[in-house]
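K.L.:
Predicted structure and sequence below. I'll ask about it afterward.
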Amino acid sequence: MEVGYYGILQTVADLLKLVQKEDIIPAAADKKLFKLAPIIIFVAVFAGFAVLPLTSGFKGAELQIGLFYLLAIVSLDVVGILMAGWGSNNKYALFGAMRSVAQIISYEIPLGLSVLSVIMISQTLSLQEIIYQQGILINEIDPGAANYFFGIKALGIETTNVGGILTWNIFRAPIFLFSYVIFFIAALAECNRAPFDIPEAESELVAGYQVEYSGFRWALLMLSEYGMMLLVSFLGAILFLGGWNSPFPNIGPVALADWTTGAPGTLAGHLWGGFWLISKALLAVGIQIWIRWTFPRLRIDQLMNLSWRYLTPAAILLVLLSAIWRLLMI
């Protein structure tokens, strides 16, 4: 039992160790680029958390173009990665950076198109409003958006305060299930996670673009990678899995959705909303970790082939179907 308690301090001990480690800068490196790269990567990733609505009352920076801001600011980590590889003056670091940039730019296209399909049907770039459209307050935001996949509106049943899992985007329109699959695969590549971790392939490139980094600068790079995993998991939960909404529906007088979501702005609303959104995000992170243990690394040609020949055309088709679905909803 005592050993278990001491094990909790492992993270704190690792942090203290990394802070105290010597900050080694290669003699032939471009020192300005080398020092600045981890900061740019860290800022680009963690600035995206500023617009995440964690609960119905806690909205973060409530921007009407929050989704556009998030995708734009996160894409800047490509600049930091290229600076890290070039500034290290190491061929392995440069190869890793070039691989990473090519991979991220390639998979940003299907990821952006899968997000675009949600935007077209939701008709908004506000993350909080997208969540509202998937929950018990859907009719107060957009009555026309209550055209669910399972035909609740078509059957003439009152849709106000239905709530639950059937109002989430992934069930609200049949195309969103495929959009989420594309989003999740592209998000793995954006995070350089297995089986798309060729930029850091230790059997080929030692550690990729971060091979020359040590101490706290290396810690910033690793923290940014895991922060990116959490960020795209939050974004996937918000766009497709109902955000902070409860998975339980209101069934007649049994208002499960109301009880397990809470009124906006109340303590119960904050607690329930935070619980559901964080749980969905952590589930996605767990799946990403499970995939890393399960699947072997792809070759560079296989990785690019998957993006350009399969995911991108499929995502373009889903955008077209989203436009048709939106026209049918009006």
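P.N.:
Ah, there it is.
K.L.:
From now on I want contacts and neighbour counts done on CA atoms only, so please keep to that.
P.N.:
Noted.
K.L.:
For residue 180, which non-adjacent residue is spatially closest?
P.N.:
Nearest residue to residue 180 in three dimensions, chain neighbours excluded: residue 240, at 6.7 Å (CA to CA, 6 or more residues apart in numbering).
K.L.:
thought the one you found was touching residue 169?
P.N.:
Yes: in this structure residue 240 lies within contact range of residue 169 using CA atoms under 8 Å: 4.8 Å.
K.L.:
Just give the number of residues close to residue 123.
P.N.:
15 (other CA atoms under 10 Å).
K.L.:
pretty sure residue 130 contacts residue 115?
P.N.:
No: using CA under 8 Å, residue 130 is not in contact with residue 115; the gap is 11.6 Å.
K.L.:
which residues do the two both contact?
P.N.:
Common contact partners of residue 130 and residue 115 (CA atoms under 8 Å, 6 or more residues apart in numbering): residue 239.
K.L.:
which helix is the longest one in this structure?
P.N.:
What stands out as the longest helix in the chain, according to DSSP state H, is helix 91-122.
K.L.:
Show me what that helix is packed up against.
P.N.:
Contact analysis of helix 91-122 by 3 or more CA pairs under 8 Å, 6 or more residues apart in numbering; DSSP states H and E lists helix 77-87, helix 175-190, helix 202-205, helix 300-305, helix 312-329 as its packing neighbours.
K.L.:
Distance check, residue 236 against residue 310.
P.N.:
Using CA to CA, to the nearest Å, residue 236 is found at 21 Å from residue 310.
K.L.:
who's more crowded, the two?
P.N.:
A direct count of neighbours by other CA under 10 Å for residue 236 and residue 310 places residue 236 higher, at 21 against 13.
K.L.:
Wait, a helix at the more buried one?
P.N.:
Yes: counting by DSSP: H, G, I helix; E, B strand; the rest coil, residue 236 is part of a helix.
K.L.:
Point out where the stretch 201-330 of the chain drops to low pLDDT.
P.N.:
For the stretch 201-330 of the chain, the stretches with pLDDT under 70 are 201-205, 330.
K.L.:
can you map out the strands along it?
P.N.:
Using DSSP state E, counting those that start in this stretch, the strands of the stretch 201-330 of the chain run over residues 250-251, 254-255.
K.L.:
all helices for the stretch 151-300 of the chain, in order.
P.N.:
With DSSP state H, counting those that start in this stretch as the definition, the stretch 151-300 of the chain shows helices at residue ranges 169-172, 175-190, 202-205, 215-240, 256-259, 267-294, 300-305.
K.L.:
Select, out of those, the one closest to residue 83.
P.N.:
helix 215-240 (12.6 Å; CA to CA).
K.L.:
Quick check: buried residues in the closest one?
P.N.:
For helix 215-240, the neighbour count (16 or more other CA atoms under 10 Å) marks 215-221, 223-225, 227-240 as buried.
K.L.:
Check stretch 29-36 too.
P.N.:
Buried, per 16+ other CA under 10 Å, within stretch 29-36: 29-30, 33-35.
K.L.:
neighbouring contacts of it?
P.N.:
25, 80, 83-84, 86-89, 217.
K.L.:
Residue 105: which of those is nearest?
P.N.:
Closest approach to residue 105 among the contacts of stretch 29-36 (CA to CA): residue 80, at 13.6 Å.
K.L.:
residues contacting the nearest residue to that closest one once chain neighbours are set aside?
P.N.:
Once flanking residues are discounted, residue 80 sits nearest to residue 37: 4.5 Å by CA to CA, 6+ apart. Going by CA under 8 Å, 6+ apart, residue 37 touches 79-81, 83-84.
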